[in-house]
Structure formats: C-alpha cells, structure tokens
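Trainee: sequence and predicted model, in that order:
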There are 2 protein chains.
Amino acid sequence: MSRDIARAFAPASVGNVGVGFDILGHSLAGLGDRATVRRIAAPEVRITALRGVVTDLPLAAEKNTAGAALIALREGLGLDFGFALELDKGIALGSGLGGSAASCVAALVAANALLDAPLAPAALYPFALTGEAVASGGRHGDNVGPMLIGGLALTTAERLVAVPVPADWTCVVVHPHFVLETREARAALAGSYALHEFVAQSASLAQLLLGCERGDAGLVRDGLRDTLVEPRRARLIPGFDAVKQAALDAGALGASISGAGPSVFAWFEHRDAAEAAGRAMAAAFAGAGLGSDVLVSAVAGPAAQVIA
Amino acid sequence: MSRDIARAFAPASVGNVGVGFDILGHSLAGLGDRATVRRIAAPEVRITALRGVVTDLPLAAEKNTAGAALIALREGLGLDFGFALELDKGIALGSGLGGSAASCVAALVAANALLDAPLAPAALYPFALTGEAVASGGRHGDNVGPMLIGGLALTTAERLVAVPVPADWTCVVVHPHFVLETREARAALAGSYALHEFVAQSASLAQLLLGCERGDAGLVRDGLRDTLVEPRRARLIPGFDAVKQAALDAGALGASISGAGPSVFAWFEHRDAAEAAGRAMAAAFAGAGLGSDVLVSAVAGPAAQVIA
C-alpha cells in the first residue's frame, strides 16, 4: 500500500556553470528546500504552508513552481487523486542558487514517493521543467536537472545527462546579501550577439565538458571562462571583479556567476583550496560593502531525496 | 643526419561537423593533397610547382596556405635554412572538404620530417592555423586540426584535442560539382544572432561531444542537428534539403553541410548504411541538376603522414 505523506529535500545548485547557459548545472551540499506532500482525495494541488527564509511566494498552486510541477505530474500521469504541499524554504530567492527549482524538485520527489508506482528520478525531469517555467519563463533545466540526479548535469529540452566529475573537485559559492531579480539579470542579456562570441563560448563549453568527462583539470581550466554572459551581467554584482580575482588568485580552475547571480562560484581541484578561496572571496565582497555566506561543496553534489 | 627531401599526404576533412562551427572537424580517408618539400640553403620558402585538380593558386609563398605555414614554421623555430615546396592538389577548392588546409598540413608534415629534431604532429598546429588564416581570414583549426592528428578533433585557438569515436561509425560525403566560394558562404552568416539560437546549438554540440566520447549513438542522433549555421547556408546549395532528407531516410545519425559547403556529409553507425545513403544523396543532387562524387570513410579518418 502506498504512503499518505512523504517529505523530501532538494539541494541548492549552480546553474549555467558559466559557459553552459541554460544547459549545465550542478548540485550543492549543505543548503536546500524541503517539501512535505500529502496525498489527498480531492483531484487538485493545494499549497497549505510556506515557511523558512522565503514566505512571500504565491500560494496559488499554478503560480508557484512547486505547485505547477505537481499539477503537471497529476496531469501527465492521469492521477485521480491530489496533493497538499507544505514548503520549507532554505534557499533565498534571487540568490542564484536555484531556490525556486529546489522547491519544485523537493515537491516532485516527495509526491513521487506517494505514487502507486513511483518513477525514476530522471523521469520527473519534464514535470520539473514545467514547474521551473513558472519562475523563469522558460523550460530551463540547469537547476532542476542536477537536483534530480545529483552532481553535474547536461540539461537540454529533451535530455537530462549526468556528467561525471572527480570526487575531489570542489565548488565554493559565495552568496552576497542582496537580491538580484532574475528578471533584471535576464534583461542584461537582451540584444543581439555576434557569431564569433558563440564560437568562443562553444569552445569553452566543449573543453569544460570533455575536461569533466575525462577528469582533466587542464581542459576545465581552459574551458571555465564565460566570455558571453558574464561580461553582460558582471556590472549587476557589486565587487564581482574583485571576488572573481580572489578565486583565481587562490588557484581556481575558473570562477563565474552562479545562475542569474548574484552568487559567485569557483571550482577547485581540492577542498582546502576552495575553503581558503571562500574566505578571500567573502573579504572581497566585504570590500564592496556586502556581507555574504560561503558554501563549500563537492562539484558532484547530492541528489534530492526522500527524508524521514 | 637529416633528409633533404620528404613527401607527405594530408587527407580531406569535414569541417564544423554541423554543430561545432570552427571548432570541430574530422578527417576523411580516400582523398587528399600531397606536398613534396626540399630543404634548401636559402633562408626562404619557395613554391616551385602546383599540380593536380587545382592549379590557379598563388605561388607567392606568403599568399598560399602551405607557403605561409612553412614561413611560420621557419620563423617559429628560428631555422637557418629554407624550404622548396611542390604541391599536388587532390581536393577541389570551394568543395567544403578542407582543400586549402590539406596543402598546408601536407607541407608542414613533410617539412617537419626534414628538421634536425622533428616535432610531434600536434605541435605543428599553431603553424597550421597561421597557414589556414591566409585562406579563411581567421585561425580556424577545424580542418587542419583533424588532418594533423586524425579522427575527430576539438580545435580551439589554443588546443587541439582528439575526440574518440567508435571505429564502425562511418561518414558519407557527397560533393556536388559546383564551387561555393568560402567568402560567399561566410557572408551568409553575417548579421546578428539571438541568445536562444546559441543555447539550442550549444545543447546540440554538448550532446554530440558526449555522444562521441561515450560511443552513444542516441546522444549523437540528438546532437547532430545544426540549427544555427545550416539554415543560413542551405539556400546556397541547390538540392540541399532533398540531399539531407535522403541521408536521414537512410538512417543517418545526422547530416549537414561539410565545412563551408557545398559538400553534404552524414554520419552512420555502420558502413553499409553509409554506402546506400551515398547513392541516394547523389541521386538527390542529380534531381537538382548536379553531378556529384561520393566519398565513404570512417569518421575516425587517418592523420597526415610522410609517404615514400
């Protein structure tokens, strides 16, 4: 017999990973959202509570990423029952750490556990894309994808592909205490692009992907250089240049903006260097008048999971 | 003691491979250019003969891709001797099969054999980029790169990276009998691009690369779809849509324009399907009033080499 209530945790994530705009992301240990889902007889999705670091989200299910994802799950699977959902937000909105995506994925993973025949996590991807579209206006999988399967993931419109990375590789993310609206961050990308910009960014993406697949830090070091998106968004983040330089000075394989920002991430071959870099990056934000939080995680972060 | 004369062969190639504009290419068995190089006392590079399917190329060394590459080699290594070069062209110019690149690479590989301390083939890459720039106006390695090391290669401004593909995977290239000037093909790409076009093409490139690296035909099938360059160039090639469709109908993993065109290539998992497709693609070109040649080769084609 299936359960009536389940709770799940979904981790934060680094979207874009600089050179993989909308198609590459990885999960992060140590921060995330929780969802508690009850199976209800009424054929609908209700959000019954919203707690934690964000409380001013829409409670109408269809306007909430988590609610919209559960509606898509119900409709996609033709379920004759509904869900009641409570969210505990651990990730600040407008941080660039996938806050809306984490609620969406946590809700799906919890609801999935209540199905008579639960799906594999990757099979939840299309529903997560539908939920995420409520927040971002597009079917971008670079946050929901890695949250569902863990680690680094290539996330296209059709496919969710795990990309292996060495277990030692470590990400540091520094989250400055101000909100950058995703809308504003997207507006900075308006306008047209030259073909040579695409060629340069494609070359970087290709090197990053092969470098991860092969565990070749040199390829990643050459690839993790965003010349397309970062230059257009950096001015939205006070102190960005100094924070990035602090990461590179500490030996980063590369550093850029996490998701739509304002968080800044950097990759390292080893955890100790990442920890030292985090302190230097926070100091650089302080120099720009901003307090910040530092998170250190394996690049191969965890997947969302059902919790007790 | 070093030799005084050496001859080398460089194969044709498929540049761009559709979704890897300027940064991805692979070599082809069965067609190529030969260079015969003599070491001479005079500190200069002379082109003394030009034979074969093309004879109206510049003989001034600095205006010829092969000549410019040998000048770059001399200057880069600080050689106190010179080279006299004869070229036997097997690849038609304006075919999209890397004709200028093959002369450049054949000349470098032959000259390298005359050095007191020959370099590894990949170390010739910067000199080949300099030579190729004479023809294409930019340092594009997608033809010279795979010719130097064989097979499929990622070719950035700084790096030449071999990408493995399964030995069975086969490419068919159909070369219609008309010349498409690289200049005209480049002009079709002028103008600006939207970010979403780049995201789609990046997703395709990423899937193609991971598919090759993993030998996963399904990933390649999803990835080998050029939505950025091909739509802008297809109208320059009479019959293109029908030729591509003939390849797809024959089971191709994907099909697109080879280099700047007008040749059309398609990839298959097995050689027999590629051979059947070649006949159908040639028939489609015939339907557009064009005769054509068909070439079938492993995707993992040969590298340039010194010959007797």
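Mentor: Great, that's in hand. Numbers count the residues shown, from 1 in each chain, chains lettered A, B, ... in the order given.
Trainee: got a list of what the nearest residue to A:Ala286 once chain neighbours are set aside touches?
Mentor: Once flanking residues are discounted, A:Ala286 sits nearest to A:Ser292: 7.4 Å by C-beta to C-beta, 6 or more residues apart in numbering or on different chains. All C-beta spots, glycine's among them, are computed from the backbone N, C-alpha and C. By C-beta atoms under 8 Å, 6 or more residues apart in numbering or on different chains, A:Ser292 lies in contact with A:Val174, A:His175, A:Pro176, A:His177, A:Met281, A:Ala282, A:Phe285, A:Ala286.
Trainee: can you check A:Arg3 too?
Mentor: With contact set as C-beta under 8 Å, 6+ apart, A:Arg3 has these partners: A:Arg39, A:Ala113, A:Leu114.
Trainee: please apply the same query to A:Leu248.
Mentor: A:Gly254, A:Ala255, A:Ala266.
Trainee: format the contacts of A:Ser292 as a markdown table; extra columns: neighbour count.
Mentor: Shown next, in a markdown table, are the contacts of A:Ser292 (neighbours: other C-beta atoms under 10 Å in any protein chain shown):
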| residue | neighbour count |
| --- | --- |
| A:Val174 | 30 |
| A:His175 | 26 |
| A:Pro176 | 28 |
| A:His177 | 12 |
| A:Met281 | 31 |
| A:Ala282 | 21 |
| A:Phe285 | 27 |
| A:Ala286 | 13 |
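Trainee: cross-reference the residues you listed with the strands and report the matches.
Mentor: Mapping the contacts of A:Ser292 onto strands (DSSP state E) picks out A:Val174, A:His175, A:Pro176.
Trainee: may I ask which of the contacts of A:Arg3 has the most neighbours?
Mentor: Highest neighbour count within the contacts of A:Arg3, by other C-beta atoms under 10 Å in any protein chain shown: A:Leu114, with 20 neighbours.
Trainee: so what's the closest residue to chain B within the stretch 51-200 of chain A closest to, chain neighbours aside?
Mentor: Taking C-beta to the nearest C-beta, chain B has its nearest neighbour within the stretch 51-200 of chain A at A:Ser192, 3.2 Å off. Distances taken as C-beta to C-beta, 6+ apart place B:Ser192 nearest to A:Ser192, at 3.2 Å, with adjacent residues excluded.
Trainee: what is the burial count for the one you found?
Mentor: By other C-beta under 10 Å, 10 other residues sit near B:Ser192.
Trainee: now, which of the contacts of A:Leu248 sits nearest chain B?
Mentor: Nearest to chain B out of these is A:Gly254 (C-beta to the nearest C-beta; 14.6 Å).
Trainee: what is that closest one paired to in the beta sheet?
Mentor: A:Trp267 (DSSP bridges).
Trainee: which residues touch it?
Mentor: Contacts of A:Gly254 by C-beta under 8 Å, 6+ apart are A:Gly18, A:Val220, A:Arg221, A:Gly223, A:Leu224, A:Arg225, A:Leu248, A:Ala266, A:Trp267.
Trainee: scan the residues you listed and report the most crowded one.
Mentor: Neighbour-wise, the contacts of A:Gly254 (other C-beta under 10 Å) top out at A:Ala266, 30 neighbours.
Trainee: could you list which of the contacts of A:Gly254 belong to helices?
Mentor: Secondary structure defined by DSSP state H assigns A:Val220, A:Arg221, A:Gly223, A:Leu248 of the contacts of A:Gly254 to helices.
Trainee: just send the contacts of A:Gly254 back as CSV, with pLDDT too.
Mentor: Below are the contacts of A:Gly254 laid out as CSV (pLDDT from 0 to 100):
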residue, pLDDT
A:Gly18, 97
A:Val220, 98
A:Arg221, 98
A:Gly223, 98
A:Leu224, 98
A:Arg225, 97
A:Leu248, 98
A:Ala266, 98
A:Trp267, 98
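Trainee: out of these, who's nearest B:Gly96?
Mentor: For these, the residue nearest B:Gly96 by C-beta to C-beta is A:Gly223; the value is 28.0 Å.
Trainee: quick check: the closest one vs A:Leu205, distance?
Mentor: Distance, A:Gly223 to A:Leu205, using C-beta to C-beta, to the nearest Å: 7 Å.
Trainee: name the residues contacting each of the two.
Mentor: By C-beta under 8 Å, 6+ apart, A:Gly223 and A:Leu205 have these common neighbours: A:Val19.
Trainee: rewinding a little: now the two most distant members of the ones in helices among the contacts of A:Gly254.
Mentor: Largest separation among the ones in helices among the contacts of A:Gly254 by C-beta to C-beta: A:Gly223 and A:Leu248, giving 14.5 Å.
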